[in-house]
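**Q** After the sequence you'll find the predicted model.
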Amino acid sequence: SAVISQKPSRDICQRGTSLTIQCQVDSQVTMMFWYRQQPGQSLTLIATANQGSEATYESGFVIDKFPISRPNLTFSTLTVSNMSPEDSSIYLCSVMTDNSPLHFGNGTRLTVT
Amino acid sequence: AQSVSQHNHHVILSEAASLELGCNYSYGGTVNLFWYVQYPGQHLQLLLKYFSGDPLVKGIKGFEAEFIKSKFSFNLRKPSVQWSDTAEYFCAVIGTGGSYIPTFGRGTSLIVHP
């Protein structure tokens, strides 16, 4: 199974600033996703990170707020822009290859003050 | 569109009790089904998966799940829980005829008292 390294593991940020989260995989993967997990809630898909093209965003998420990059098949970043306390959450990188289940990184616990 | 429903949001059991967590999905075609577990302070881990074949699948740590196609269900079971099973459990579905994007249920919080 793929090993996923996600950085930072946690951060405390001020309102109005931006944070970029990195996701590095130890092998090439077909699909990479970014999820958000708010306290006591399930995982909500933010977007699918597409290699070499713009990410595909789910309803309620926009590129200006959550820009995503995926320059190759092993790396992606998610930026949380112009943060507000409502953005406090755990952000998860996940990957999937053909016929293999979804694997998750350890997540980034973000607190916005 | 696919969706997943987990009816039990909070479950509290004593050690050695039997466990069954409900999971129902909505999708018109073939599905892949998963249960994930998230222990306190840790990341999500795959517990078990169903792609095809025997509808009764066995996972790690004594867990099993049964896919009942007619009921659109994939309930998780364990005959005797342990204190170390305290965790959040998430059911997930991928509709294989669609975009291959996983959809998660809202999770079940399991607390096992020693």
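**A** Right, received. Where do you want to start?
**Q** Quick check: bridge partners of residue 37?
**A** Since you didn't name a chain, this refers to chain A. For A:Gln37, the beta-bridge partners are A:Leu43, A:Ile90 (DSSP bridges).
**Q** um, chain B though
**A** B:Gln45, B:Tyr89.
**Q** how close does B:Val31 get to A:Gln38?
**A** Distance check for B:Val31 against A:Gln38: by C-beta to C-beta, to the nearest Å, it reads 26 Å. C-betas here are computed from N, CA, C, even on glycine.
**Q** burial measure for the nearest residue to B:Lys58 once chain neighbours are set aside, as a count.
**A** Among residues not flanking B:Lys58 along the chain, B:Glu64 sits closest, at 4.8 Å (C-beta to C-beta, 6 or more residues apart in numbering or on different chains). Look at B:Glu64: counted by other C-beta atoms under 10 Å in any protein chain shown, it has 16 neighbours.
**Q** about what we covered before: of B:Val31 and A:Gln38, give the one with the bigger neighbour count.
**A** Higher neighbour count among B:Val31 and A:Gln38: B:Val31, with 23 against 13, using other C-beta under 10 Å.
**Q** Hmm, the more buried one is touching B:Asn24, no?
**A** No. Between B:Val31 and B:Asn24 there is no contact under C-beta atoms under 8 Å: 11.6 Å.
**Q** Can you check the pLDDT for B:Thr30?
**A** Per-residue confidence (pLDDT) for B:Thr30: 86.
**Q** Can you read off the backbone torsions of it?
**A** Main-chain torsions, B:Thr30, degrees, to the nearest 10: phi -70, psi 140.
**Q** which ones are touching it?
**A** Contact analysis of B:Thr30 by C-beta atoms under 8 Å, 6 or more residues apart in numbering or on different chains lists B:Gly95, B:Thr96, B:Gly97.
**Q** Could you report the separation of the closest residue to the second one other than its chain neighbours from A:Met96?
**A** It refers to B:Thr96. Nearest residue to B:Thr96, sequence neighbours excluded (C-beta to C-beta, 6+ apart): B:Thr30, at 4.7 Å. Per C-beta to C-beta, B:Thr30 is found 17 Å from A:Met96.
**Q** What of A:Ala47?
**A** Distance, A:Ala47 to A:Met96, by C-beta to C-beta: 14 Å.
**Q** With B:Ser52 instead?
**A** B:Ser52 sits at a distance of 17 Å from A:Met96 (criterion: C-beta to C-beta).
**Q** How about residue 26: what's its closest non-neighbour residue?
**A** By default, I'm working from chain A. Nearest to A:Asp26 is A:Val3, by C-beta to C-beta, 6+ apart, at 4.3 Å.
**Q** you looked at the wrong chain, it should be chain B
**A** Nearest non-adjacent residue to B:Ser26 (C-beta to C-beta, 6+ apart): B:Ser3, at 4.5 Å.
**Q** Backbone torsions only: list them for that neighbour.
**A** The phi/psi pair for B:Ser3 (degrees, to the nearest 10) is phi -150, psi 160.
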